[in-house]
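1. how would this look folded up:
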Amino acid sequence: MSHRKALLIHNGNAGNKNIEKALGAVVPVLSHHLDEVIIKQTKKKDDAYHFCQSIDDSVDTVFILGGDGTIHQCINAISALERKPAVGILPGGTCNDFSRVLGIPQNLAKAAEALMAGKKTSVDVCQMNDRYFFGLIAETSNQINETEKALLGKISYFTSALRTVSSAASFPMTLKIDGEEIKEEAVMLLVMNGQYIGTNRIPLPDASIEDGLLDVLICRNTNLTALRELMSMEQGSIDRFTGELSYVQASRIEIETDTAKKADMDGEVYTHTPAVIQVLPQHIDMLVPANE
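-> Next up, the predicted model:
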């Protein structure tokens, strides 16, 4: 695969020793294959966004060394560019969900080697209101507090909370799925474009990041046991949870709730309902291993 010039963005909040180790694993590999590598370190929350927003036409590829939150910032900037560079994800976070979806090795040196020897594939990007995302939106009834989230970190708090929530209050919502309106009473709505949440794979039968469709999971079970059980299954069918969970696919979904509900997007709360979510098919070129 031919690359002339690349930008490597890494999370500057990972600690000096961790940063040195991570860069030491990937920079020699990238430098061997590239004419030029520009390295930029984030210091503030929006740095990754601004780095990507100001990319010039000479940059062919952006490598993101960080977790799902850093990836989210980069994708929000790149998705709005007229000329989009290819994106390579180097898993440097806690969960690294999207890198798992792409089949990227979780060892950094192996990930760099696999991407440089790999290929490009065009993947869907989801848009919610004025933001873009890859991973998921968890629309809940605010059962998980901010202190717990801060302790557990990013998306990992979500799966940890699932194990401890004994009862969640349901709330009414109106969904318009590709124009068809339905009314629901649920405790959580997951809108995904992939099968991993907090390193857990959800066995959804038709989920793909290249099919131009959202994967929508409606959770009605108030203690979330059905969702917990589904997330623990390596194989199996969602049909066994009929009445507790519903799975649909759509290119566009509109969500309305009686009161505004916070929406967790790739591990952070950026927005709330009401919301319109749509798929931008094959919107960004991603580097993936050759065998993916």
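2. how about low-confidence regions in the stretch 101-250 of the chain?
-> 135-167, 194-200, 234-236 (pLDDT under 70).
3. which parts of it are helices?
-> 108-116, 146-152, 156-164, 225-232 (DSSP state H, counting those that start in this stretch).
4. and the last one, which residues are buried?
-> The neighbour-count criterion (16 or more other C-beta atoms under 10 Å) identifies 226, 227, 230, 231 as the buried residues of helix 225-232. Yep, even glycine has a C-beta here, placed from its N, CA and C like the rest.
5. check contacts around the second one.
-> It refers to residue 227. Residue 227 makes contacts with 162, 188, 217, 219, 221, 245, as judged by C-beta atoms under 8 Å, 6 or more residues apart in numbering.
6. now the residues you listed in JSON lines, with distance to residue 54 and neighbour count?
-> Shown next, in JSON lines, are the contacts of residue 227 (distance: C-beta to C-beta, whole Å; neighbours: other C-beta atoms under 10 Å):
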{"residue": "162", "distance to residue 54": "39", "neighbour count": "23"}
{"residue": "188", "distance to residue 54": "37", "neighbour count": "24"}
{"residue": "217", "distance to residue 54": "37", "neighbour count": "24"}
{"residue": "219", "distance to residue 54": "40", "neighbour count": "24"}
{"residue": "221", "distance to residue 54": "46", "neighbour count": "19"}
{"residue": "245", "distance to residue 54": "43", "neighbour count": "22"}
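7. tell me which of these is nearest to residue 291?
-> Closest to residue 291 out of these is residue 217 (28.7 Å), distances taken as C-beta to C-beta.
8. pretty sure that closest one contacts residue 246?
-> Yes: if you go by C-beta atoms under 8 Å, residue 217 and residue 246 touch, sitting 7.4 Å apart.
9. and the lengthiest helix in the chain, what other elements does it pack with?
-> Of all the segments assigned as helix in the chain under DSSP state H, the longest by residue count is helix 16-33. Secondary-structure packing of helix 16-33 (3 or more C-beta pairs under 8 Å, 6 or more residues apart in numbering; DSSP states H and E): strand 5-11, strand 36-42, strand 61-66, helix 108-116.
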